[in-house]
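*Asks:* Show me how the following folds:
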Amino acid sequence: MKIRQKYLLYTLAVTSSFIAAFVTSIDSIISAHFIQDPYEFTLSLFLVGAIVTLVLSLVLSIPFKKKSLGNRFIDPSFVKLRLIQSSEFKYHILAGLFNAVNTIGYCILISLILEPSLILSFSQIVIIYLLLIESISEKNIPTLVEVQSSVIVTFGAILASISLKGDINIDALLIVFLIINPTWAFFSIYQRKLKLLKIKDRHNDAINIRFWNVFFSLVFTTIILLIFDFFTGTHYVVGGIVASVHSFSWVAFGMGMTFFAYVLYIRSLGLGKASVNNAIRSTTIVFAIPFSFMLASFFNIPLFSTDPVMLIIKIIGITLIILGIITFALTLVKAYIFITIRPGFSLKKTMGEIWDIHGVSRVTATTGPYDFIVKIHTRTVVKGYERIIRKIESIEAVKDYKWASVLKEWEKI
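*Replies:* Here you go, the predicted structure:
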């Protein structure tokens with residue numbers, strides 16, 4: 001099956017959002033009825049998650065019609081579960097650390113607030129952090145459209161984060177702004193770096209990235225809780241192990257769904273910037289509302305009031321988020337640059353200089369009239385063109401180039 005690459009990005013991100021909203025509901029049930037302590041809950045997520053992720057990864061490694069199940073049905077870059085490579089080790093370390101801290105903050109938030117739509121609304125403000133980080137790393141001032149979209153999504157998330165009972169939890173807000181959103185921003189960036197790496201001349205796959213992320217997240221979570229236990233005299237590590245055994249089925253179900261949510265999200269990160277992906281993933285708030293009603297109806301978790309004013313505020317917030325998402329999506333531009341170089345210059349060195357340009361997502365050396373075909377991702381044609389072309393022209397080896405903007409692009413699912 002083939003699909004336009006832009007639509008593939010939206011499909012992956014939105015599907016991941018739907019699953020993530022469902023998983024948050026499962027986590028709310030576990031936190032309310034099975035594992036009340038957030039630290040024990042965090043450790044149980046990664047302990048059980050490591051087992052579930054290993055089993056799923058091994059199953060997806062099974063050959064099926066000359067390809068693995070994972071390659072055929074989930075990620076075309078996947079061959080089989082493999083050992084970690086030296087080139088990706090530092091990114092896995094950093095992604096695992098930030099994911100461990102993020103999940104601890106998430107579990108604390110779950111223990112404070114059981115409503116999925118409220119929890120997920122809080123987390124959407126991460127787009128501001130991502131835009132700021134990308135602007136600093138690329139030494140590039142955000143465009144007016146980027147700022148407007150971010151502000152729209154942020155204010156929408158704030159409005160949507162107001163409980164339908166009319167409450168705002170200050171402790172929860174501090175956890176969101178100081179722990180969850182900053183760590184998720186860095187986690188997304190390092191996951192994207194991993195997805196863009198090439199392993200043995202193949203694009204890195206989302207399944208191996210997810211497996212090793214769970215492994216390193218488990219290691220860092222255990223270390224953090226052991227340190228905490230040592231200095232405070234608590235027993236969170238032991239409690240987490242016991243909780244994992246007692247609530248294994250519920251946690252395994254949630255982490256199994258989380259596996260697919262993350263794999264789809266990591267694949268989408270390979271198709272667009274982290275800030276664009278998280279803007280699209282703001283749809284989790286929309287999906288979370290029916291799940292919140294299900295929690296209230298079937299699991300005896302009182303979440304809602306019948307105040308129409310609170311419902312209207314919630315709807316306005318969701319509408320703003322959707323508008324922000326659409327604005328972000330419409331500004332994404334892709335292009336190809338066809339480059340010829342002067343005789344006597346090193347292809348390998350020139351390829352490295354081109355690859356170092358921010359906005360370049362792929363560099364391919366070719367035979368024929370052009371030496372390189374360069375793939376570009378940018379959010380505005382004029383700004384991206386001027387910045388990238390200036391860099392191209394500054395490379396001594398470049399003799400000539402041609403810029404071609406992409407109108408449509410297709411990719412095999």
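
*Asks:* what secondary structure does Arg387 sit in?
*Replies:* Look at Arg387: counting by DSSP: H, G, I helix; E, B strand; the rest coil, its state is helix.

*Asks:* Please look at it and Gly359 and confirm they touch.
*Replies:* Yes - under the criterion of Cβ atoms under 8 Å, Arg387 makes contact with Gly359 at 7.0 Å. For every residue, glycine as well, the C-beta is placed using N, CA and C.

*Asks:* Show me where the stretch 101-250 of the chain has its helices.
*Replies:* Ranges of helices within the stretch 101-250 of the chain are 116-123, 126-137, 144-160, 170-175, 181-196, 206-232, 236-246, 248-269, based on DSSP state H, counting those that start in this stretch.

*Asks:* Same drill for Arg387 and Gly359, tell me which one is more crowded.
*Replies:* Neighbour comparison, Arg387 and Gly359: the larger count goes to Gly359, with 20 against 17 (by other Cβ atoms under 10 Å).

*Asks:* Let me know the secondary structure of Leu83.
*Replies:* Applying three-state DSSP: Leu83 is coil.

*Asks:* Please tell me the pLDDT value assigned to it.
*Replies:* For Leu83, the model assigns a pLDDT of 92.

*Asks:* Tell me how many other residues crowd it.
*Replies:* The burial count for Leu83: 6, using other Cβ under 10 Å.

*Asks:* measure it to His92 for me?
*Replies:* For Leu83, the distance to His92 equals 12 Å [Cβ to Cβ, to the nearest Å].

*Asks:* Now Thr258: closest residue in space that isn't a chain neighbour?
*Replies:* Val23 (5.1 Å; Cβ to Cβ, 6 or more residues apart in numbering).

*Asks:* So the one you found sits against Ala261, correct?
*Replies:* Yes - applying Cβ under 8 Å, one finds Val23 in contact with Ala261, separated by 6.1 Å.

*Asks:* follow-up on the earlier one: what sits against the residue nearest to Thr258?
*Replies:* Applying Cβ atoms under 8 Å, 6 or more residues apart in numbering, we find Val23 in contact with 254, 257-258, 261.

*Asks:* secondary structure element for it?
*Replies:* Taking DSSP states H and E as the definition, one finds Val23 inside helix 5-33.

*Asks:* Next, the buried residues of that helix.
*Replies:* 6, 8-32 (16 or more other Cβ atoms under 10 Å).

*Asks:* now swap in stretch 71-83 and tell me
*Replies:* So stretch 71-83, judged by 16+ other Cβ under 10 Å, has buried residues 71, 74-82.

*Asks:* Flag the shaky bits of the stretch 301-413 of the chain, pLDDT-wise.
*Replies:* 301-307, 310, 325-326, 328-332, 379-384, 409-413 (pLDDT under 70).

*Asks:* the strands in it, which residues?
*Replies:* Assigned by DSSP state E, counting those that start in this stretch, the strands in the stretch 301-413 of the chain fall at 333-341, 360-365, 372-378, 398-405, 410-412.

*Asks:* Okay, Lys65 and Arg72: tell me how far apart.
*Replies:* Taken as Cβ to Cβ, the span from Lys65 to Arg72 is 7 Å.

*Asks:* about what we covered before: so which of the helices of the stretch 101-250 of the chain comes closest to Lys314?
*Replies:* With Cβ to Cβ, the closest approach to Lys314 among the helices of the stretch 101-250 of the chain belongs to helix 144-160: 5.8 Å.

*Asks:* What helices and strands are in contact with that closest one?
*Replies:* In terms of contacts (3 or more Cβ pairs under 8 Å, 6 or more residues apart in numbering; DSSP states H and E), helix 144-160 is packed against helix 116-123, helix 126-137, helix 274-280, helix 308-331.

*Asks:* mind listing what Thr221 touches?
*Replies:* Applying Cβ under 8 Å, 6+ apart to Thr221 gives the contacts 42-43, 46, 100, 103-104.

*Asks:* one more time with 6 Å
*Replies:* Going by Cβ atoms under 6 Å, 6 or more residues apart in numbering, Thr221 touches 42-43, 46, 100.

*Asks:* Taking these, tell me the two that lie furthest apart.
*Replies:* The widest separation within the contacts of Thr221 (Cβ to Cβ) is 9.8 Å, between Leu43 and Ala100.

*Asks:* care to break this structure down by domain?
*Replies:* As given by automatic domain parsing, the domain ranges for the chain are 2-331, 334-412.

*Asks:* Near Phe230, how many other residues are there?
*Replies:* 10.

*Asks:* quick one: pLDDT of Phe89?
*Replies:* Among the per-residue scores, Phe89 shows a pLDDT of 93.

*Asks:* What helix or strand is it located in?
*Replies:* If you go by DSSP H and E, Phe89 is part of helix 86-112.

*Asks:* the inter-axis angle of that helix versus helix 206-232?
*Replies:* Counting by axes from the mean of the first three to the mean of the last three Cα atoms, to 10 degrees, helix 86-112 lies at 60 degrees to helix 206-232.

*Asks:* Mind listing what's buried along helix 86-112?
*Replies:* By 16+ other Cβ under 10 Å, the buried positions in helix 86-112 come out as 88, 91-111.

*Asks:* same check, this time on stretch 238-256
*Replies:* Neighbour-count burial for stretch 238-256 flags 239-241, 243-244, 247, 250-252, 254-256 (criterion: 16+ other Cβ under 10 Å).

*Asks:* Looking at those residues, which is nearest Thr327?
*Replies:* Among the buried residues of stretch 238-256, Gly254 lies closest to Thr327 (Cβ to Cβ), at 32.8 Å.
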